[in-house]
Each structure stands twice: as C-alpha cells, then as structure tokens.
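1. Build me a model:
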Amino acid sequence: MKTLVVGVSPGADRYANMAVRKLIEHGHDVAALGLREGESDGVPILTGTPVLTGIHTISLYLNPIRQGPLVEYFLSLHPERIIFNPGTENPEFETRATQEGIEAVRGCTLVMLGTGQF
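-> As a prediction, this is how the structure comes out:
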C-alpha cells in the first residue's frame, strides 16, 4: 500500500515531512511530491506530475489554491482515498473525488497513524 504525501519540502519541521517520517516508521511505502526537489527522510521529493502507479492514499498538505492545477493529476492516479489534512479542505475536490469512487477523508494523517485509523 503506497501513500503519496503532497506538499513535502526539504525542511524537516514541516507537517508533510513529519507524515513521511511516521509513515515510514509504520512500515508504509511512501512517495513524496513537492515544489522543489530534495529529500525527506531518505525519500526523494518529486516535482511536477510524475508517473506513479499503485498509489493507495494521497495525503494532502497543500492548500486548495495550489491543489487546483493538480486535481486532474491526483484523480488520474486512481487512489483509494485522499486525506485532506487540516487547512487543505476543498469541498469541490472532495465532491469530485467521491464521484470518482475515491474516499475523501477530512482528517490528520499523523493522528490517524497514532490512533491506528490509517
């Protein structure tokens, strides 16, 4: 089960980077997407719209305005679910995902991992 964390940056103190770290600690396969190339806990930070397969979950740490140009890309990955972390809530995108058969979750990846709900 692979998780794509979106909004990752080389700064280790960012929530997206914390999510990458915690997902790895919990044994999940992780891909990272950000605005700049780099690395987060040994995971390369990809940019743009890379070709990815097998994405089960997308965990968003990107505000709705920045999500706009990437919505079609995210949907094209055919994830099982998209987690809208606090501050990333986007009713239009959530509705669209649901219409495409994708579970849209308003939640916090870090809390979900800590409570066994991931």
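2. Surely residue 67 is in a helix?
-> Yes. Residue 67 forms part of a helix when assessed by DSSP: H, G, I helix; E, B strand; the rest coil.
3. Tell me, how many residues neighbour it?
-> Using other Cβ atoms under 10 Å, residue 67 is surrounded by 20 other residues. C-beta here means a position set from N, CA and C on the backbone, and glycine is covered the same way.
4. isn't it right next to residue 88, touching?
-> Yes. Here residue 67 reaches residue 88: they are 7.2 Å apart, a contact under Cβ atoms under 8 Å.
5. ok now do the residue nearest to residue 86 when sequence neighbours are not counted, which residues does it touch?
-> By the measure of Cβ to Cβ, 6 or more residues apart in numbering, the closest residue to residue 86 outside its immediate chain neighbours is residue 108, 6.0 Å from it. Listed by Cβ atoms under 8 Å, 6 or more residues apart in numbering, the contact partners of residue 108 are 83, 85, 86.
6. My reading is that residue 71 lies in a strand. Confirm?
-> No. Read with three-state DSSP, residue 71 is helix and lies in no strand.
7. which other helices and strands contact the worst-scoring helix or strand of the chain on mean pLDDT?
-> Counting by mean pLDDT, DSSP states H and E, the chain has its least confident helix or strand at strand 38-40, which shows a mean of 93. On a contact count with 3 or more Cβ pairs under 8 Å, 6 or more residues apart in numbering; DSSP states H and E, strand 38-40 meets helix 15-25, strand 43-46.
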